[in-house]
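K.L.:
heads up, no residue letters with this:
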């Protein structure tokens, strides 16, 4: 197995603290290694880490990394040394790596002067605050046992005035404090993010107070979820949002739920490498890994047996028999690793197993109840004579696809006109732009409204008009600026050509920082490869080429900063309809045009199916997730149907490459055809067990017949 890919680094710039929180895993649990650590990280260790980080980003092709300054209390290291360290790190990795620098603080030393410095260095800040005074002072007191609340609240107010760097609040719950109190308190504060943490515990050190009241944590969690779900869902509570994500088959944003992989490394003040910091709760030396920043490369630590042992615990086969037999294991993932510990190790359910099971079961029931009162509308508005077989094949789909695209275009135009109406009350250049746009010919304005970037802007503007917001994948709000209409008013019609690597912020905004978009230098180099890839499609099947041009309006070049540089990535999303996002850089060079043609066909097929799905659902809204046959995870059946819809076309493509493509692609074509046929066989078998609508069932039958036919000839 490949080494762990480390993208986050928790750096202990100070090992001491100016609070004495009685639940702290550093000072009040098993590992007391902090006592022998230097109080602050020396300049020599900081420089060594910066050098190691720079080497690692170059070695593995890392384009984005996160460094979190931690402690103890990191501000005990001094603001100026922290600023110098941040600048040294940024210089070391260079401009090609997006380096996000953050800090977790208790806030006691967070003065306005300190914030000036930290904000200038673009260091985001998370604050520890357990709730109102009576909640916070239960556990978060000074070294002399005095209240910390007033000083922490002063820090909160300072951070609130600096939204550019305020990342959110972390709160450790005490079940003696009613969740009603916490939500009322935080609702008044409106933090940008809120994370509720259970007290750290394991089987040798159970959660505080549970022996006397076994239901106290379970009751608290369920009550808290209900409050959030029913009254406070506008508060971005990461714990509950992550639970809903995993329940819906999405990746977990926290290690409390779901399966995952190790992507974080800790560095102590002496420069030694360590595993997940919270593992300090289990035993002395539990986090220690071989080497220091002085003598060991990060890549060597990433491949070490210690990290591999941790990685195994995050996979399903790393769980014990009780977890594997549990009905919610795919949501829970066994719980947080430190919470599984006993004298035999970590192959146990979480010490919070009962609480997690009860909470997940309750959440599933609440979601089911929410759907139970709404009758399922499984109908389609497709014409009775709509022929799915003719629609599926590009050579016979012209009239069907034109009907679908015309309908989408009319909807986009109506929505854009609504956005113009909302902006019409503004003055100055925006008012002039609205007038100019509204006066354009219908055909021209329809083209503009159908542009993927304009569609994304329109979605955000209409959400604002109705008092809501749309968010990017990081959960940050996307705000549409009516001033963008000024630039749109001066834009010339783009015609039928696909816009390649256009500098359009709204094509990129929905994806936050999760996706790295290539710069102009790569875009300039890759333009010829795109042209070659499209020419490959045109020569093979002119009808397919024309359909791609008619349904797709933009191609953007992306790179997944967390993936292996050699991996080809691509995606599409209905929030930017008609846009194809593809990687063009593979390893140390540009992608082969035949591989790029695969990516373009792949994403175009998703867009084609999105058009059909606008006319009616293919899957019952209450259909449970199913195991993906080729990824061994749970996915919504609609995702599996999309995959099969894509694979049918790619089977035709790779059969053509095998027959008529260049010699260097022969082995790849053979492998792709074998993989595709196996995936289709498994995919159809799984889909036939799902709750599909009449349209979905008919589409499955159509696709199954299509994949059994001879591939379309060149």
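P.N.:
On my side now, so go ahead. Worth saying up front: this structure is predicted, and the values here are computed from it rather than measured.
K.L.:
can we go C-alpha only for contacts and neighbour counts from here?
P.N.:
Fine.
K.L.:
other SSEs contacting the longest helix out of those in the chain?
P.N.:
For the chain, the helix with the greatest residue count under DSSP state H is helix 398-423. Helix 398-423 sits against helix 388-392, helix 429-438, helix 442-449, helix 452-465, helix 593-613, with contacts defined as 3 or more C-alpha pairs under 8 Å, 6 or more residues apart in numbering; DSSP states H and E.
K.L.:
Now do the contacts for the closest residue to residue 26 other than its chain neighbours.
P.N.:
Spatial nearest neighbour of residue 26, chain neighbours left out: residue 280 (6.7 Å); criterion: C-alpha to C-alpha, 6 or more residues apart in numbering. Applying C-alpha atoms under 8 Å, 6 or more residues apart in numbering to residue 280 gives the contacts 25, 26, 29, 30, 31, 286, 287.
K.L.:
returning to that earlier point: how about the helices and strands packed on helix 398-423, which one is nearest residue 410?
P.N.:
Closest approach to residue 410 among those is made by helix 442-449 (7.2 Å; C-alpha to C-alpha).
K.L.:
what is the rounded mean pLDDT of that closest one?
P.N.:
Helix 442-449 shows a mean pLDDT of 91.
K.L.:
Save the contacts of residue 280 as TSV, and put in neighbour count too.
P.N.:
Compiled in TSV, these are given as follows (neighbours: other C-alpha atoms under 10 Å):
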residue	neighbour count
25	20
26	22
29	20
30	17
31	20
286	18
287	21
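K.L.:
Out of those, flag the one nearest to residue 469.
P.N.:
residue 25 (37.7 Å).
K.L.:
quick one: the closest one and residue 201 touch, right?
P.N.:
No: counting by C-alpha atoms under 8 Å, residue 25 does not reach residue 201; the two are 9.3 Å apart.
K.L.:
what do those two both touch?
P.N.:
Common contacts of residue 25 and residue 201 (C-alpha under 8 Å, 6+ apart): residue 281.
K.L.:
tell me which element the closest residue to residue 99 other than its chain neighbours is part of?
P.N.:
In this structure, residue 99 finds its nearest non-sequential neighbour in residue 65, 5.1 Å apart by C-alpha to C-alpha, 6+ apart. Per DSSP states H and E: residue 65 is located in strand 64-70.
K.L.:
and that strand, how far out from the chain's middle?
P.N.:
Chain-centre distance of strand 64-70: 17 Å, with C-alpha atoms, centre = their mean, to the nearest Å.
K.L.:
next helix or strand past it?
P.N.:
Downstream of strand 64-70, the first helix or strand assigned by DSSP H and E is helix 79-93.
K.L.:
what packs against whatever helix or strand comes next after that following helix?
P.N.:
Sequence-wise, the next helix or strand downstream of helix 79-93 (DSSP H and E) is strand 98-105. Applying 3+ C-alpha pairs under 8 Å, 6+ apart, one finds that strand 98-105 contacts strand 64-70, helix 79-93, strand 123-128.
K.L.:
Among the ones you listed, which comes closest to residue 236?
P.N.:
strand 123-128 (14.1 Å).
K.L.:
who does the following helix or strand past that closest one touch, helix- and strand-wise?
P.N.:
Remark: after strand 123-128, the chain's next helix or strand is helix 133-136, criterion DSSP H and E. Judged by 3+ C-alpha pairs under 8 Å, 6+ apart, helix 133-136 is in contact with no other helix or strand.
K.L.:
can you name the farthest residue from the center of the chain?
P.N.:
residue 144 (42.1 Å; C-alpha atoms, centre = their mean).
K.L.:
Done for today, thanks.
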